[in-house]
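Colleague: Sequence first, then the predicted structure:
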Amino acid sequence: MTNVVTTARTRTFSWQDPQIGARVAMEMAGLDYLRAILAGTLPKPPVMDALDVRIESVEPGEVVFTMTPAEFHYNPIGSVHGGVYSALLDSAAGCAVHSLLPAGTGYTSQDLSVRFLGAMRVDTGPVRCTGTVRHLGRRTALAEASLTTQAGKLLATATSGCLIIAGP
């Protein structure tokens, strides 16, 4: 093996207290809550800052996230780690469900089935992840999410089952 010279890279980010949003989440309808995060009147979940993800739009039953792949998203073989794909897909699907829930009701992911279809790298450019609700019942929901490049190339899809949790 040859000697490899590396140059360290650094990244810093900050986030707001996640309990601020968590305290009011159950008092607001899901759509209003997500729109408040989009508008900046409520703090984003810290994972969005950690991954440098942004909410692009929130509509009833559909939420769109965007991200520009960076080196800090990489796995050991030089492409974006599957966990980053999964985090985007799970967030978009779950938030799409949340957008349809009334105040006092929450959700949690029960399962996530992901299909990876294309590699994502720094030169991929910005990507969009769209979550859409396919079924909303009293106890469970089913949502789908797709991850695409700006040119429309499909990079991954997911199906997510969510458990609906009524408040106290």
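Modeller: Right, received. Where do you want to start? Numbers count the residues shown, from 1 in each chain.
Colleague: Only C-alpha atoms from now on, for both contacts and neighbour counts.
Modeller: Noted.
Colleague: which outside residues touch the longest helix anywhere in the chain?
Modeller: In the chain, taking DSSP state H as the definition, the longest helix is helix 82-98. The contact list for helix 82-98, computed with C-alpha atoms under 8 Å, 6 or more residues apart in numbering, reads 30-31, 34, 51, 58, 60-65, 73, 106-109, 112, 114, 116, 129-133, 136, 141-147, 156-160, 162.
Colleague: can you give me the helices for this protein?
Modeller: Under DSSP H, the chain gives helices at 18-25, 30-39, 46-51, 82-98.
Colleague: now the longest one against helix 30-39, angle please.
Modeller: The reference is to helix 82-98. Interaxial angle, helix 82-98 versus helix 30-39 (axes from the mean of the first three to the mean of the last three C-alpha atoms, to 10 degrees): 130 degrees.
Colleague: neighbours of residue 17, just the number please.
Modeller: Neighbours of residue 17 under the rule other C-alpha atoms under 10 Å: 11.
Colleague: For it, give its distance to residue 136.
Modeller: Per C-alpha to C-alpha, to the nearest Å, residue 17 is found 30 Å from residue 136.
Colleague: ok now do residue 6, which residues does it touch?
Modeller: Counted by C-alpha under 8 Å, 6+ apart, residue 6 has zero contacts.
Colleague: Contact partners for residue 120?
Modeller: Going by C-alpha under 8 Å, 6+ apart, residue 120 touches 69, 79-80, 155.
Colleague: Among these, which ones are in strands?
Modeller: Among the contacts of residue 120, the ones falling in strands (DSSP state E) are residue 155.
Colleague: Name the member of the contacts of residue 120 with the most neighbours.
Modeller: Neighbour-wise, those (other C-alpha under 10 Å) top out at residue 69, 22 neighbours.
Colleague: ok, now how distant is it from residue 84?
Modeller: 10 Å.
Colleague: May I see the buried residues of the longest helix of the chain?
Modeller: 82, 85-86, 88-98 (16 or more other C-alpha atoms under 10 Å).
Colleague: So for that helix, mean pLDDT?
Modeller: The pLDDT scores in helix 82-98 average 98.
Colleague: now stretch 13-25
Modeller: Rounded mean pLDDT across stretch 13-25 is 92.
Colleague: Going by neighbour count, which residues of that stretch are buried?
Modeller: 21, 25.
Colleague: got a list of what residue 149 touches?
Modeller: Applying C-alpha under 8 Å, 6+ apart to residue 149 gives the contacts 124-128, 155.
Colleague: Lovely, talk soon.
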